[in-house]
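**Q** take a look and give me a structure for this.
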Amino acid sequence: MNSYADYVPVFKALSDETRLKIIDMLSCGEMCACDILEKFSISQSTLSYHMKILTESGLVNGVRDGAWMRYTLRIETTEEAINFINYITHDKDDCICKQSSCKVCTEEK
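**A** This next block holds a predicted model:
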């Protein structure tokens, strides 16, 4: 498992409604930025801003195609993020909660 810090950019990228919708759109396959842009009431520069965050987080790949960019979802990154959420939300032997030094807390367990 990667460190907690490795997942921060992914979850920050997913903390915006527009970017979540873009991820949903890309789940159907590769899309040109022009096609993505048609679905939103935003400028091209605003779309570029969102796509930069998504690509830098590792959730999306972008390839230049003439004047436009073509984007695909990086399934491996989404699967890693899902696995990470599953890992941190379930009890396990090496959980940081079991490293508590508070005597009151450990006695209550």
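
**Q** spatially nearest residue to Leu54 (excluding sequence neighbours)?
**A** Beyond its immediate neighbours in the sequence, the residue positioned closest to Leu54 (C-beta to C-beta, 6 or more residues apart in numbering) is Val60, lying 4.1 Å away. Bear in mind the C-beta positions are built from the backbone N, C-alpha and C, glycine included.

**Q** can you count the residues close to that neighbour?
**A** Here the count is done by other C-beta atoms under 10 Å, and Val60 has 25 residues near it.

**Q** from memory it sits against Met51, does it?
**A** Yes - taking contact to mean C-beta atoms under 8 Å, the distance of 6.8 Å between Val60 and Met51 places them in contact.

**Q** spit out the residues that contact these two alike.
**A** Shared contacts of Val60 and Met51, defined by C-beta atoms under 8 Å, 6 or more residues apart in numbering, are found at 22, 71.

**Q** what's across from the residue nearest to Leu54 in the sheet?
**A** Leu73 (DSSP bridges).

**Q** can you name every helix or strand that the host helix or strand of Glu80 contacts?
**A** Taking DSSP states H and E as the definition, Glu80 sits inside helix 75-88. On a contact count with 3 or more C-beta pairs under 8 Å, 6 or more residues apart in numbering; DSSP states H and E, helix 75-88 meets helix 4-13.

**Q** which residues does the residue nearest to Leu54 contact?
**A** Applying C-beta under 8 Å, 6+ apart, we find Val60 in contact with 22-23, 26, 51, 54, 71-74.
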